[in-house]
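Colleague: What shape does this take:
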Amino acid sequence: MKLPSDTAPSLFDRAVLALHRSRVRDEALFLHRAAVDEVQDRLSMVNKTFKAPAVVTPFPHIWEGLWPEARVIRDEDVLDLTPGEHDLLIHAMALHWANDPVGQLIQCHRALKSDGLLLAVCLGGDTLQELRAALGQAEIEVTGGLSPRIAPMAELRDLGGLLQRAGLALPVADKATLSAEYRDLLHLMRDLRAMGETNALADRLKHATRRAVFDKAQDIYAGHYKSPQGRLAATFELICLTGWAPDDSQPKPLRPGSAKMRLADALGTDEGKLPD
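Modeller: Numbers count the residues shown, from 1 in each chain. Below you'll find the model as predicted:
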């Protein structure tokens, strides 16, 4: 069977991404630990016991302590999932690196039992907005051009739409915004390297960037995004997606025309004099 990811364009160089992840320092994975908190918070509101969980993650050790019985799966283009095997599937901090995000969600849907829950956490469009603006302006001013440096990340509404395209029921998308502060641009970029979140775009520059670009970006960043403490502020947006494998037990929207009461009666007014 051909999966959507078989024909998706390669936005990311997965070999470079794997190399970046091999150099990760555990203490820098604070975004992944924040994702754990977001998942636990949402699961605490679900009145259901899950007996066959799975986690898609590039860093298994972050999640293995939470659910020792969970199956841990690497976030490859084609996920090592068995159809209908799991009642809970967590896609953890990897969807923003997927060449085919819809394909990833479709694969997860296929792996769920009826009424199984998919919970995905990824970085959203406001992530590193300050760095994106400063580097872009600096590169234009210094070189006269603009190169791909920070991966395009989807907005909340777009990601919510992916759940519906993947065939999941009761889709919900929400977000949590985190802020961090850094001494300077170099400090921020070193932290991104330590968490494996540096540039792995297939169309990235293949040669070193001129030092003048980074010097200019530091000036722009400090001029526009300095915190009250004199440090550089950086935004990280975590988007959380939840959707269920369809099941007859789930609530269904009413069919048009099936209402048993007229709107005028519900509002206690004449039909011809509805309130504005």
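
Colleague: For the nearest residue to S249 once chain neighbours are set aside, pull up the helix or strand it's in.
Modeller: Spatial nearest neighbour of S249, excluding adjacent residues (Cβ to Cβ, 6 or more residues apart in numbering): D115 at 6.3 Å. C-beta: built from backbone N, CA, C; applies to glycine. Taking DSSP states H and E as the definition, D115 sits inside strand 112-123.

Colleague: per-residue confidence averaged over that strand?
Modeller: Averaging pLDDT along strand 112-123 yields 97.

Colleague: show me where this protein has helices.
Modeller: Listed in chain order, the helices of the chain (DSSP state H) span 14-22, 30-43, 61-64, 101-111, 129-143, 156-165, 185-194, 211-224, 263-267.

Colleague: I'd like those laid out as a markdown table, including mean neighbour count and distance to L238.
Modeller: Below are the helices of the chain laid out as a markdown table (neighbours: other Cβ atoms under 10 Å; distance: least, Cβ to Cβ, whole Å):
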| stretch | mean neighbour count | distance to L238 |
| --- | --- | --- |
| helix 14-22 | 14 | 19 |
| helix 30-43 | 16 | 6 |
| helix 61-64 | 16 | 14 |
| helix 101-111 | 23 | 16 |
| helix 129-143 | 18 | 14 |
| helix 156-165 | 17 | 11 |
| helix 185-194 | 17 | 16 |
| helix 211-224 | 16 | 22 |
| helix 263-267 | 11 | 39 |
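
Colleague: who's in contact with stretch 185-195?
Modeller: Stretch 185-195 is touched from outside by 20, 23-25, 27-32, 131, 134, 180, 182, 198, 214, 217-218, 221, 232, 234, with contacts defined as Cβ atoms under 8 Å, 6 or more residues apart in numbering.

Colleague: Check the offset of that stretch from the chain's centre.
Modeller: 20 Å (Cα atoms, centre = their mean, to the nearest Å).

Colleague: Could you do stretch 156-166 as well?
Modeller: The chain centre lies 11 Å from the centre of stretch 156-166; the measure is Cα atoms, centre = their mean.

Colleague: Run through the residues that contact E197.
Modeller: The contact partners of E197, taken as Cβ under 8 Å, 6+ apart, are H20, L31, L123.

Colleague: what separates D13 from C240, distance-wise?
Modeller: When distance is defined by Cβ to Cβ, to the nearest Å, D13 is 27 Å away from C240.

Colleague: And R231, by the same measure?
Modeller: Counting by Cβ to Cβ, the gap from R231 to C240 is 28 Å.

Colleague: Out of these two, name the residue with the larger neighbour count.
Modeller: For R231 versus C240, neighbours defined as other Cβ atoms under 10 Å are more numerous around C240 (21 against 17).
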